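S.K.: After the sequence you'll find the predicted model.
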Amino acid sequence: MNGLLLIVEIGGERVAFPASAVEAVVEIESLTPVPGAPPHVAGLSALRSRVVTVIDSRLALGLAPREARARDAVLTVIDGHAYAILVDGVEDVVETSGEAQAAPVHVGGGWARAIGGCVEAEGDLLMLVDAAALVAPAPPAERAA
């Protein structure tokens, strides 16, 4: 997997999105709630003259909700639909020369479904986030955990 990675923080973990899956990094100014939406759907927001579905990455992973509303988001397009995935912080774009590999340790909970392996960048081994897995609703058993 030679290429660029966007390093972000979610739930105290430094993780990476493949840059090829990232359209932009944006700041969410306002959110409109969506009644009846799954808990990980934070709402809708207008970005660049289009409406995007805003996904709360922490809730999608089964983590505790944020104390304050996150404003940083990774904008991605999945199956032709735009999503803004809220993250706790955006760190940097880095280059990797290594291939994605299986996680060296057991990853549990929502992380297990959302991680597409690990990749080395700048001497660190980072979990590689699958944006589509964050967008998809968690299975009922995972939501109950």
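M.R.: It's in.
S.K.: rest of the way, CA atoms for contacts and neighbours
M.R.: Noted.
S.K.: Next, the buried residues of stretch 21-28.
M.R.: Neighbour-count burial for stretch 21-28 flags Ala21, Val22, Val25, Val26, Ile28 (criterion: 16 or more other C-alpha atoms under 10 Å).
S.K.: and what of stretch 67-74?
M.R.: With burial defined by 16+ other C-alpha under 10 Å, the residues of stretch 67-74 counted as buried are Asp72, Ala73, Val74.
S.K.: Got phi/psi on the first one?
M.R.: Translated: Asp72. Dihedral pair for Asp72: phi -80, psi 140, per degrees, to the nearest 10.
S.K.: Can you give me the distance of the residue lying closest to it once chain neighbours are set aside to Asp88?
M.R.: Using C-alpha to C-alpha, 6 or more residues apart in numbering and skipping residues adjacent in sequence, the residue nearest Asp72 is Glu27, 4.7 Å away. For Glu27, the distance to Asp88 (C-alpha to C-alpha, to the nearest Å) stands at 12 Å.
S.K.: residues shared between the contacts of those two?
M.R.: Both Glu27 and Asp88 are in contact with Asp72, where contact means C-alpha atoms under 8 Å, 6 or more residues apart in numbering.
S.K.: any idea which of the buried residues of stretch 67-74 is the one closest to Arg66?
M.R.: The shortest approach to Arg66 among these belongs to Asp72, at 12.7 Å (C-alpha to C-alpha).
S.K.: my read: that closest one touches Ala24, true?
M.R.: No. Under the criterion of C-alpha atoms under 8 Å, Asp72 lies out of contact with Ala24, with a separation of 10.7 Å.
S.K.: Keep only those of the buried residues of stretch 21-28 that are in helices.
M.R.: Using DSSP state H, no member of the buried residues of stretch 21-28 sits in helices.
S.K.: Relative to Val34, which of those is nearest.
M.R.: Proximity of the buried residues of stretch 21-28 to Val34, judged by C-alpha to C-alpha, is greatest for Ile28, which lies at 15.8 Å.
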